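Asker: following is a predicted model, sequence given first.
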Amino acid sequence: MTSPSREPVRPTLEQVAARAGVGRGTVSRVINNSPQVSTEARQRVLAAIRELGYVPNRAARALVTNRTDSVALVLCESDERLFSEPFFASLVRGVSAELADTDLQLLLALSQTGYERDRLDRHLTRQYVDGAMLVSLHGDDPLPEKLEARGVATVLGGRRPSSNQSISYVDIDNRNGARRAVEYLISQGRRCIATITGPQDMSAGVERLAGYEDALRAARITVNPNLIVAGDFTQRSGETSMRELLDRVPDIDAVFAASDLMAVGALTQLRATNRSIPGDVAVVGFDDSLLAQHANPPLTTIRQPVEAMGRRMVRTLLARIADRAAPPTAELMDTELIVRASA
C-alpha cells in the first residue's frame, strides 16, 4: 500500500538561522537588505539560504518593509487595440525585460470598461502594489492623481494632452517624429499631403497632428482642414479615413498616417481605387512595427523605441518608489525615419 504523497516541507527562517549559526533576527535583516549586519554574518546567511532553498514569505516581508514588491502595468484600451496593435506587445516586452533582474512581481491590468475601472480603483492601493505604470490614458483621466494621493508611485507612458503634467512620464517625441515624416514627403515633391490623425483625446494623436501642421507651415503650405481626418489608430479607421479623404480631395499625392495600422488601411483603400503607391500617392506611417516591413508595398514609417520606453518607465518608477519626495520627471525619446517603398 503506497502512502499518500506529501507536499515538500518548505525550509523555515529558524532552520536558516540554525544553519548559519545566527539569530532569527539576523536572517530577517539580511532578507530585508538591512545594513545592520556584518559582512561575515550576511555571507553565512546567504549561503544557508542557498543550501536550504529557502524562499522568503512575501506577505511577512511586506509587514516588515511596508512594501508589496509588486508593480502594476495598466493598459487603458479596448480589446481591438490591445490585441491588434504591436505597440502594446513591444511595451510589455520592455517592461518585463527591465523587471527581470529585480525581485518585483508585475501585475498586468486592463482598464476598458466601467467595471474594470471600479476594480482598479479598489485594488491599486499600497496594500497591493508599490507603484503603477499607466499607458494609453484618454483625456484628463483622474486615475494618476488618485494613485499618487494614495501613496502609490505612478509613471505615465505618454503624457496627457492637457498642460497638467504633475505626474512623471516617459513619452515618444511624437511631434518631431511626425514633422520629420511630413518634411520627408515635402522633400520628395509632394504638396497635397493629407493626414489620418490619432484620437485627439490622447497626447500621441494631438502631438502627431501638430507635427504635421508644423512641417506644412515651415514649407509655406497651407493647412487645409479637408486634408485632415481623425482615426483611432486601428487599421479599419485607416481604410475608412482614406476613403473619406479621396472623396474630399481626389488629387491627394501623399498621406501621413499617425500609426502603421492606419497606414496599412490607407494602402488597402488606395489599391482599391487603383492609385499607384508611391507613384500617385506616397504613404508614411508611424511605429515601424513588423507590419510595416511586410506591407504591400513595404511602409516608410517613423520608428519609435517602444521597448526602450518600457524599460525607461520601469527605471523611472523604481526611482519614484525609492524617493517619494522627489519632484516628477519628464522624458522624451527620439524617433527615426525609416524609408521604404511606400514613399
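Answerer: Cool, the structure landed.
Asker: show me what Met333 is bridged to.
Answerer: Ile172 (DSSP bridges).
Asker: check it and give its pLDDT.
Answerer: What the model reports for Met333 is a pLDDT of 97.
Asker: same deal with Ser163?
Answerer: pLDDT at Ser163 comes out at 58.
Asker: can you pull out the helices in the chain?
Answerer: 13-20, 24-31, 39-52, 58-65, 79-84, 86-99, 114-123, 143-149, 174-187, 203-218, 235-248, 260-272, 290-294, 306-322 (DSSP state H).
Asker: deepest of these, which one?
Answerer: Of all those, helix 260-272 carries the top mean neighbour count, a mean of 24, counting by mean count of other CB atoms under 10 Å. Quick note: C-beta positions are derived from backbone N, CA and C, even for glycine.
Asker: tell me which helix or strand of this protein sits lowest on mean pLDDT?
Answerer: helix 58-65 (a mean of 51; mean pLDDT, DSSP states H and E).
Asker: of the helices of the chain, which is nearest Val339?
Answerer: Evaluated with CB to CB, these place helix 174-187 nearest to Val339, the distance being 7.4 Å.
Asker: isn't Met202 right up against Val135?
Answerer: No - with contact defined as CB atoms under 8 Å, Met202 does not count as touching Val135 (10.7 Å).
Asker: what residues are shared contacts of those two?
Answerer: Gly158 (CB atoms under 8 Å, 6 or more residues apart in numbering).
Asker: quick check: beta-bridge partners of Val283?
Answerer: Val255.
Asker: find the nearest non-adjacent residue to Leu216, please.
Answerer: Spatial nearest neighbour of Leu216, excluding adjacent residues (CB to CB, 6 or more residues apart in numbering): Val223 at 5.3 Å.
Asker: please name the residues that touch the one you found.
Answerer: By CB under 8 Å, 6+ apart, the contact list for Val223 reads 213, 216-217.
Asker: closest to Thr240 out of the residues you listed?
Answerer: Among these, Glu213 lies closest to Thr240 (CB to CB), at 22.4 Å.
Asker: which regions of the protein sit below the pLDDT cut-off?
Answerer: Along the chain, the model assigns pLDDT under 70 to residues 1-9, 32-34, 55-67, 112-117, 162-164.
Asker: try it again at 50.
Answerer: Low-confidence segments of the chain (pLDDT under 50): 1-3, 5, 59, 63.
Asker: and it, what are its domains?
Answerer: Split into domains by automatic domain parsing, the chain comes to 13-65, 70-173+307-334, 174-303.
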